[in-house]
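*Asks:* Model the structure of this input:
(chains A, B, C, D, E and F)
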Number of protein chains: 4
Amino acid sequence: MSTSKTPSERRTHLVRLAGDLFAEQGFRATTVRQIADAAGILSGSLYHHFDSKESIGDEILSAFLEDVLAGYRAAVAGSDDPRAAIERIVRSSTATLDRHRAALTMLQRDWNYFSGQPRFGYLRTAMKEIEQTWIDLLERGRETGVFRADLDARLTYRLLRDILWLPTSWTSSKSWTTDQIVDGLLRLLFDGIKSA
Amino acid sequence: MSTSKTPSERRTHLVRLAGDLFAEQGFRATTVRQIADAAGILSGSLYHHFDSKESIGDEILSAFLEDVLAGYRAAVAGSDDPRAAIERIVRSSTATLDRHRAALTMLQRDWNYFSGQPRFGYLRTAMKEIEQTWIDLLERGRETGVFRADLDARLTYRLLRDILWLPTSWTSSKSWTTDQIVDGLLRLLFDGIKSA
Amino acid sequence: MSTSKTPSERRTHLVRLAGDLFAEQGFRATTVRQIADAAGILSGSLYHHFDSKESIGDEILSAFLEDVLAGYRAAVAGSDDPRAAIERIVRSSTATLDRHRAALTMLQRDWNYFSGQPRFGYLRTAMKEIEQTWIDLLERGRETGVFRADLDARLTYRLLRDILWLPTSWTSSKSWTTDQIVDGLLRLLFDGIKSA
Amino acid sequence: MSTSKTPSERRTHLVRLAGDLFAEQGFRATTVRQIADAAGILSGSLYHHFDSKESIGDEILSAFLEDVLAGYRAAVAGSDDPRAAIERIVRSSTATLDRHRAALTMLQRDWNYFSGQPRFGYLRTAMKEIEQTWIDLLERGRETGVFRADLDARLTYRLLRDILWLPTSWTSSKSWTTDQIVDGLLRLLFDGIKSA
DNA sequence: GATGAATGAGTCTTCATTCAT
DNA sequence: TATGAATGAAGACTCATTCAT
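*Replies:* Below is the predicted model:
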């Protein structure tokens, strides 16, 4: 992944600035000049801290995926109850949103670009672990009768994973708190919109 | 909206080619040269058919929104039953996916880019009508007791609209038919994943 | 090697202009802007004709090597006399100098740069054929008693090949005609500087 | 020439490191960062020792020329025999090669660059002395019948000077010892490749 | 309608150099 | 002496667009 030695504060600050721009405009649509402008330096000066625009992206993406995977592993580790595990995943995922808006936006908008490059091979690896986790939980829940018997695990996973990551794009309009979103999601997820 | 004077077959063909590329790579990431290559002509020659890359995008987006709005209006017009209307919307939306993958991808990935330009003002207008339609239906369903009483109409709308458009990005992996996706969505939407 | 379809006259002209600059300054020290300036266009416009600076170099180098190898093969093909063959090589090489000054200078000054790139792999291949030709001739001449018995074929080859290509760098100072140089070289080569 | 006030050991070491890189890659193709990396310091820190990259080059080149000129003068001073003097020049030149590979490579590859700058004016001066020495020797040898009567002194000088400096570029392939090269050169020079 | 050639503004990146600490 | 951060000018290359033929 990234060679994160002991990132100086300056460097960390620059990554944050870049991340904000990536979140707003996407990775490819953001120019190094915009990043440099935000930092009040010349664009060439960025290369004192990073050896390429992509290495900034790398730093953001790998940090995000480490966090996400940690959340998934912790959610599964606790107990045997699939429903409880899914709820923990949803809650941890949503919590991660705020810290990693940039990464999420980058993946949503430029997935093809990143996943095609060898350098970002870890993206596919991580996604596979995430997928496997969901599918295991959904199938286990189905077998133990907690979830509907006709549930298509893979299809449901695809839907849920993407749904979970949707609200990132909204954060500009601060209409809802994170808690509201999580609860709305969980209700929708488990119970649908029908009244009981 | 679009300046579709005499949409000669050649022109229509070019728009389709461009759309395929936009769907794959996004609007901004697609170069006019790639479009021209796909058509077997030189990039400059495209300008005999369109006066800019954006006018191609315009053509694609406006056609899409006309279709979508028509679907929404038809869905609502039929009856008073909110649940039936929503099901019609979902079914019509999903049907539109195949015909308008390019437009959806463009909106998902470059919404900020388009919606910021006066030329694409109709995007915001159309979105507002879509939003209003959903909210009306959800609130009516809540009031008549068909939907849960604690349903946040606006939040649910945001979630549902985006969810509805998610599967567009998947089409590369032909794992499911459109029908499968629609049914999965409707079940999730109305009933959640819990077993009865 | 290079994909030389049907090089337009414009393209050919540009290659010549670039070659002149490469010959004077070396490949790496020459900027695309200088080439464009020489052609009276903007630097970006060069990329309408070539997809990279290196592809211009490729065009120049591969044309040169084809010419050189043709000369070597023809020189060897004629007869069995090593001394005559070497004389033909020297004469043909020197004749090639004028047409390919740029290529020679590029190889002399930036050999490490080019030979390290896969794209220019044919450079090593060609050099090997050249080396083998010399060594065969020298060894045959030694065995048949035409050349000195203590001649180190490989060492002599290295010296001779490089010596043969030296005068390219001088052409700025038009002190000698090509014929003078060839004759001087041949005398030095066969007889040394000692008086008989 | 060079501003070698107090050539501390550190400084001398740095010059040697730089020289190695210059010899491998050429002066212009070597970056100050590479030099600093080789020394284990940051590139900016080099400027505590030298006020510019060129001043490092200056140090290397002027040391070389002093050495070479000393060799030439000593070679001529000894006796009146042109042939003996030339042999001494060749032997001393070749001996200098090992100590000054960097300088030679720099001159071979970037002569135009250096000789064009006022700061390196001494290069032209030194070259003129070298040229004059050769021409004197060759003409004297021709007049006294030691060398061929039809020898073009200037042309032969140009050839010989460059030939003498050729083997520098080979040192990567350690196929021959310096002695072997010298002997090969001298035999070629005096006797040619023909068998007696 | 299409080609071939060009523009001009902008992209990421490199590199010698400077300087406060 | 060295570091860490920056400059500023330049480098190769991209791309939407224009236009004479």
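
*Asks:* residue contacts, the closest residue to residue A:95 other than its chain neighbours?
*Replies:* Among residues not flanking residue A:95 along the chain, residue A:178 sits closest, at 7.2 Å (C-beta to C-beta, 6 or more residues apart in numbering or on different chains). (C-beta placed from N, C-alpha, C; glycine too.) By C-beta atoms under 8 Å, 6 or more residues apart in numbering or on different chains, the residues touching residue A:178 are A:94-95, A:97-98.

*Asks:* Check what pLDDT residue A:178 gets.
*Replies:* At residue A:178, the pLDDT value in this model is 75.

*Asks:* Equivalent analysis for residue A:87, please.
*Replies:* 88.

*Asks:* what's the helix or strand for the residue lying closest to it once chain neighbours are set aside?
*Replies:* Using C-beta to C-beta, 6+ apart and skipping the chain neighbours, the partner closest in space to residue A:87 is residue A:186 (6.3 Å). In the assignment (DSSP states H and E), residue A:186 maps to helix A:178-191.

*Asks:* I'd guessed the residue nearest to residue A:87 sits against residue A:88; true?
*Replies:* No: using C-beta atoms under 8 Å, residue A:186 is not in contact with residue A:88; the gap is 10.9 Å.

*Asks:* out of the two, which sits in the more crowded spot?
*Replies:* residue A:88 (19 against 16; other C-beta atoms under 10 Å in any protein chain shown).

*Asks:* To which secondary structure element is that one assigned?
*Replies:* Using DSSP H and E, residue A:88 maps to helix A:82-99.

*Asks:* same thing with residue A:141?
*Replies:* Per DSSP H and E: residue A:141 is located in helix A:121-143.

*Asks:* what does that helix contact?
*Replies:* The contact list for helix A:121-143 (C-beta under 8 Å, 6+ apart) reads A:1, A:61-62, A:65, A:68-69, A:72, A:76, A:82-83, A:85-86, A:89, A:107, A:111, A:114-115, A:147-149, A:151, A:153-154, A:156-157, A:160-161, B:193.

*Asks:* If we use 6 Å, what do you get?
*Replies:* Helix A:121-143 has contacts (C-beta atoms under 6 Å, 6 or more residues apart in numbering or on different chains) with A:1, A:65, A:69, A:72, A:82, A:85-86, A:114-115, A:147, A:151, A:153, A:156-157.

*Asks:* repeat for stretch A:27-45
*Replies:* With contact meaning C-beta under 6 Å, 6+ apart, stretch A:27-45 is reached by A:14, A:17-18, A:21-22, A:46, A:53, A:57, A:106, A:110.

*Asks:* which of the residues in stretch A:16-36 are buried?
*Replies:* By 16 or more other C-beta atoms under 10 Å in any protein chain shown, the buried positions in stretch A:16-36 come out as A:17-19, A:21-23, A:25-30, A:32, A:34-36.

*Asks:* which among these gets closest to DNA strand E?
*Replies:* Nearest to DNA strand E among the buried residues of stretch A:16-36 is residue A:32, at 3.9 Å by C-beta to the nearest atom of the strand.

*Asks:* measure the nearest residue to residue A:158 once chain neighbours are set aside to residue B:181 for me?
*Replies:* Nearest residue to residue A:158, sequence neighbours excluded (C-beta to C-beta, 6+ apart): residue B:170, at 6.5 Å. To residue B:181, residue B:170 is 8 Å away according to C-beta to C-beta, to the nearest Å.

*Asks:* Could you do residue A:53 as well?
*Replies:* Separation of residue A:53 from residue B:181 (C-beta to C-beta): 36 Å.

*Asks:* got it, and residue A:71?
*Replies:* Counting by C-beta to C-beta - residue A:71 and residue B:181 are separated by 27 Å.

*Asks:* out of those two, which sits in the more crowded spot?
*Replies:* Counting neighbours by other C-beta under 10 Å for residue A:71 and for residue B:181 shows that residue B:181 has the greater number, 21 against 18.

*Asks:* and the gap between that one and residue A:163?
*Replies:* Residue B:181 sits 13 Å away from residue A:163 when distances are taken as C-beta to C-beta.

*Asks:* number of nearby residues for the residue in chain A that chain D sits nearest to?
*Replies:* Nearest residue of chain A to chain D (C-beta to the nearest C-beta) works out as residue A:48 at 10.3 Å. Neighbour count of residue A:48, defined by other C-beta under 10 Å: 11.

*Asks:* same deal with the one 5 residues further on?
*Replies:* The local packing of residue A:53 (other C-beta under 10 Å) involves 19 other residues.

*Asks:* and chain A, which residues reach DNA strand E?
*Replies:* Counting by C-beta under 7 Å from any atom of the strand, chain A comes close to DNA strand E at A:30-33, A:43-47, A:51-54.

*Asks:* one more time with 10 Å
*Replies:* Within reach of DNA strand E by C-beta under 10 Å from any atom of the strand, chain A has these residues: A:27-36, A:42-48, A:50-57.

*Asks:* and residue A:72, what does it touch?
*Replies:* Shown in contact with residue A:72 (C-beta under 6 Å, 6+ apart): residue A:133.

*Asks:* if we go to 7 Å?
*Replies:* For residue A:72, the contact set (C-beta atoms under 7 Å, 6 or more residues apart in numbering or on different chains) comprises A:89, A:130, A:133.

*Asks:* Three-state assignment for it, please.
*Replies:* Here residue A:72 is helix, with the state taken from DSSP: H, G, I helix; E, B strand; the rest coil.

*Asks:* Over to residue A:149?
*Replies:* coil.

*Asks:* What is the burial count for it?
*Replies:* Residue A:149, neighbours per other C-beta under 10 Å, totals 9.

*Asks:* One more: residue A:144?
*Replies:* Neighbour count of residue A:144, defined by other C-beta under 10 Å: 13.

*Asks:* what do you get for the one 3 residues further on?
*Replies:* In terms of burial, residue A:147 registers 24 neighbours under the definition other C-beta under 10 Å.

*Asks:* what are the bridge partners for it, then?
*Replies:* The partner list for residue A:147 in beta bridges (DSSP bridges) reads residue B:194.

*Asks:* so where's chain A uncertain?
*Replies:* Chain A contains residues with pLDDT under 70 at A:1-7, A:171-174, A:193-196.

*Asks:* make it 80
*Replies:* A:1-7, A:78-79, A:98, A:167-175, A:177-179, A:182, A:189-196 (pLDDT under 80).

*Asks:* so does stretch A:112-127 get close to DNA strand F?
*Replies:* No: using C-beta under 10 Å from any atom of the strand, stretch A:112-127 never reaches DNA strand F; the gap is at least 11.6 Å.

*Asks:* Ok, stretch A:30-39 next?
*Replies:* Yes: residues of stretch A:30-39 contacting DNA strand F under C-beta under 10 Å from any atom of the strand: A:33, A:36, A:39.

*Asks:* Helix or strand for the second one, just tell me which one.
*Replies:* Using DSSP H and E, residue A:36 sits in helix A:32-39.

*Asks:* With just CA atoms, put that helix into PDB.
*Replies:* Extracted in PDB, the C-alpha atoms of helix A:32-39 (Å, rounded to 0.1, in the frame of the first residue of the first chain):
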ATOM      1  CA  VAL A  32      -2.700  19.300  -8.400                       C
ATOM      2  CA  ARG A  33      -2.800  23.100  -8.900                       C
ATOM      3  CA  GLN A  34      -6.000  23.200  -7.000                       C
ATOM      4  CA  ILE A  35      -4.500  21.200  -4.200                       C
ATOM      5  CA  ALA A  36      -1.500  23.500  -4.100                       C
ATOM      6  CA  ASP A  37      -3.600  26.600  -4.200                       C
ATOM      7  CA  ALA A  38      -5.600  25.300  -1.200                       C
ATOM      8  CA  ALA A  39      -2.300  24.900   0.600                       C
END
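
*Asks:* Check the offset of it from the chain's centre.
*Replies:* How far helix A:32-39 lies from its chain's middle: 24 Å, per C-alpha atoms, centre = their mean, to the nearest Å.

*Asks:* same check, this time on stretch A:56-65
*Replies:* 10 Å.
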